[in-house]
Each structure stands twice: as C-alpha cells, then as structure tokens.
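>>> no sequence on this one, just coordinates:
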C-alpha cells in the first residue's frame, strides 16, 4: 500500500487517467456536438459530498460522466452569450503540466517564473509599453483593475495611503457610461467609492471628451481630487472603443492616470487592419487590464495587468516580511517576486497556458482568429439588416452584434420576445445569445469570441431567431 495520498495502484491510476484524457479529447474534438444543456436533477444531487474515499478510478469515471458534459457550453461554435473564451487544445496540455508541477508563482527561482516573465515581456511589446514597464498575471480584468487603480491611488496620494488610508481626500475617476462594473467594484474595494466614478456620456465614437473636460473641472471646483480616467477598449454592451489618443491627451494635460479596460477588445491589437486601429493610443496608457481567457482563447482563468511605471506598481503592493526575504542564491532568489506586484502570495501557473498558446499557434494565427470573429459579427449585422423586421441597436464595431428581432412590436413587446427567443434557443441548443437593454429595449446580444465559429453558424443562428419569432 502506498503511504499518504498517492495512488495505491499506479498502473490502475495510469489507465484511469488515460481514459479520462481520451474523454477530454473526444469532448474537445467534438465541441460542435455539445451545446449547453441544463444539468439533470439527478446529476445535481450526485454532486453532494455525502461520502468519499472511492479512489482515482471511480473519480475518473465520475468526472467523465457527471462533470465533463455539464459546462457552460462556451466551447460550442454558436455560443454567443456574454464574452466567454472557448479554450484551446494547447490549454489541455499546459494545464496538465501545470497541475503536475503544482508551482507557486508568488516568487522564488524556478522555471515557471521565467515563463511568466516571457509572457509579460511579449505582452509589453504587443501593446507598446516600455521595457521598464511591469506586469503580473491575475485572475482576470476585475482583479487587474483593482491593481491598476490601487497604483493610481498611491501615485495621487503618496505611499503613506497604504498605512493611513486616504482620510478626507475625495478622489474622483471618469469613465464612459457603459464602463464595465469591474471599475465600480474596484473603486468600492479601494475605499474610494463608486459614487466618485463619473459616468461620462458616450457616442458611437466612445466617451464625449467635452463632457469629460467639464466633469473634471466641476470636481476640482468642488474640492475633489480627480485622479484617473478609465478608457474602454471594447465595451461590454456594444463593443465600442474610446478614442484612446484623445483620452491620453486629456490625462496628460490634467495630470491624471489613464487606465484602459481592454478586457477583450485590447487584443484587436494583433488582429491587423482595420481592427487594430481601434486601439490606437493604447501604448500611451499608464495601465492596461485585459484577459487572455477571452480573445486569446486560453483556458480560464488568466488576466493581465500592465503598468507603465514599475516604481508606482511596487509602491502600491511590495511588502516582504522576513520569512519571504530574498536571497542571492538558491530557491529564495529569482527577484523580482510577483507577490510584490499584486494581492496574491499564492499564485497558480497561469502564464504557462499563454506561453503554450503562443508556442503552438503564434500571434499571427491568434490574431487571424480575432479578425475572423469580427468578420462574423459584421456578417451577422448584415443578416440582421437584410431582415425586414429585425433592427441593429447600434453599429457593429468589433465582435458584438446587438439587435431586436421584431420592430413591428412596441418596446415592451420587443423586450419580451427577445428574452423568450434567447431562452428558447439556449434550451433547444440552436444558439446561445445573451440580452442587454439598449434604449429601453431588451435586445439580443451576440458576442463572438469563439475560434470555432464559421459563416454557416452565423446563418444558422439568425435563421433560428427568425423562425422562433415567426413561430410565436
């Protein structure tokens, strides 16, 4: 009998693991055959942890039968709901290696640290940040936003704010009205308060810069301390992009920190013309938050924050008690440690799945997939425009297409119909749309971030919408 928790029968474990791997590969290869499905009540009941100790062979069987089939469905090519990444074959391999290594990337001198440095170096180059800029991989843009705005707060108030708090200082930040809720949460977590986030009106071209100037001036006159402008590269509702060069000019002139929320949209940077032009000026940002698990398709979770001024980044987070003191040789070497650049001391090996995707496919193929997603959204927009009763709720800018299915109905009727269509198509497995309210109408929203989506999938999805509408 094997001591501890290692497999008692290594040969049996190997067979079970190979069988589970085959089940995963079958699922990956057959992604088109597996749309989202609701979880049966019997399966839900089976998840309860009423007992254990069944061994790895039984575990492998249960993982394949009861867990693997019941994901979000985002690997399916007609999953257009929300902005969900779709995973890569390289991710399956990298996650297997990462789990075996079980490395903590808080710091120290080991191979995974150098992999993360390579990913950050590559990302700096992509976005035009200087070589002296810093970065760290995080759970996603929500955490990245907290880190970026924490650094901005320290720059505005000084490093003593970490110990004393911000006292009577009233910091104010500015973003387009459609900014992601992650920014509001970040301001709340930092003690700044979401009431101090000014929602600036937007047009199809992004934030109204005249209104931004006015809001900054009004806050200064009222005794507040403006400290940050948050630009959006790909809004969550309509896929809009702010004019980042214009925001960079304002931030420079007003002495503000420019943060860019590029959760998914920042990656048009590698998609080529015309899409890459949407983020012109992103290289001028003080900080950038984005996700590899969205439009770079790697498995969840994996986000990135880049900060132009490494000193400002470290000033907000560096803290090394004696038991974490670095050494000049041995495992305690390897400075800098990533625990000095964020909130996590215990960190998983997120960078390996990014590194693996870049090694396997290269930025050109990944960029081509992003460009194709934008082309599929444009195709969907054309199909909507060609239907006499559908209507686009806004121009298709990148990979989001938002529309209503039947303009013959009043606003509340359209909302009810669009909601019903979204639910019906999800349950039937035809397609997954989400919904968003635009101009008082709950509309259908397609966010195309799936490298498996083909032109025929878009046709099939819009055909299904029309059939559901006409059947009602």
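Noted; the coordinates are in hand. Values in this document were obtained by computation on a predicted structure and should not be read as measured data.
>>> close enough to count as contact, residue 282 and residue 128?
Yes. Assessed by C-beta atoms under 8 Å, residue 282 is found in contact with residue 128 at 7.0 Å. C-beta: built from backbone N, CA, C; applies to glycine.
>>> these two: who's more crowded?
Higher neighbour count among residue 282 and residue 128: residue 282, with 28 against 14, using other C-beta atoms under 10 Å.
>>> the more buried one and residue 306, how far apart?
Noted for residue 282: a distance of 10 Å to residue 306, by C-beta to C-beta, to the nearest Å.
>>> please enumerate the shared neighbours of those two.
Common contacts of residue 282 and residue 306 (C-beta atoms under 8 Å, 6 or more residues apart in numbering): 127, 288.
>>> where do the helices of the stretch 301-450 of the chain begin and end?
310-317, 351-386, 411-428 (DSSP state H, counting those that start in this stretch).
>>> can you put those in JSON lines and add distance to residue 448?
Formatted as JSON lines, these follow (distance: least, C-beta to C-beta, whole Å):
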{"stretch": "helix 310-317", "distance to residue 448": "34"}
{"stretch": "helix 351-386", "distance to residue 448": "5"}
{"stretch": "helix 411-428", "distance to residue 448": "15"}
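>>> give me the sheet partners of the lowest-mean-pLDDT helix or strand in the chain and which way each runs.
When each helix and strand of the chain is scored by mean pLDDT, DSSP states H and E, strand 202-203 comes last, with a mean of 90. Looking at strand 202-203 with DSSP bridges, its partner strands are strand 206-207 (antiparallel).
>>> re the thing from before, who's in contact with the least confident helix or strand of the chain?
Applying C-beta under 8 Å, 6+ apart, the set of residues contacting strand 202-203 is 176, 177, 178, 208, 235, 240.
>>> tally of neighbours for the fifth one?
Read it as residue 235. Neighbour count of residue 235, defined by other C-beta under 10 Å: 24.
>>> and the pLDDT for it?
Note on residue 235: pLDDT of 94.
>>> give me the neighbour count for the spatially closest residue to it that is not a sequence neighbour.
In this structure, residue 235 finds its nearest non-sequential neighbour in residue 178, 4.4 Å apart by C-beta to C-beta, 6 or more residues apart in numbering. Neighbourhood size, residue 178 [other C-beta under 10 Å]: 20.
>>> go on, residue 12?
Using other C-beta under 10 Å, residue 12 has 14 other residues around it.
>>> against residue 122, how distant is the residue nearest the centre of the chain?
Note on the chain: the residue nearest the mean C-alpha position is residue 291, at 3.8 Å, using C-alpha atoms, centre = their mean. Distance, residue 291 to residue 122, by C-beta to C-beta: 16 Å.
>>> also residue 246?
Distance, residue 246 to residue 122, by C-beta to C-beta: 28 Å.
>>> pretty sure residue 260 sits in a strand.
Yes. Assessed with DSSP: H, G, I helix; E, B strand; the rest coil, residue 260 lies in a strand.
>>> hang on, isn't the residue nearest to residue 235 packed against residue 236?
Yes. The pair residue 178 / residue 236 is scored as a contact, 7.1 Å apart, by C-beta under 8 Å.
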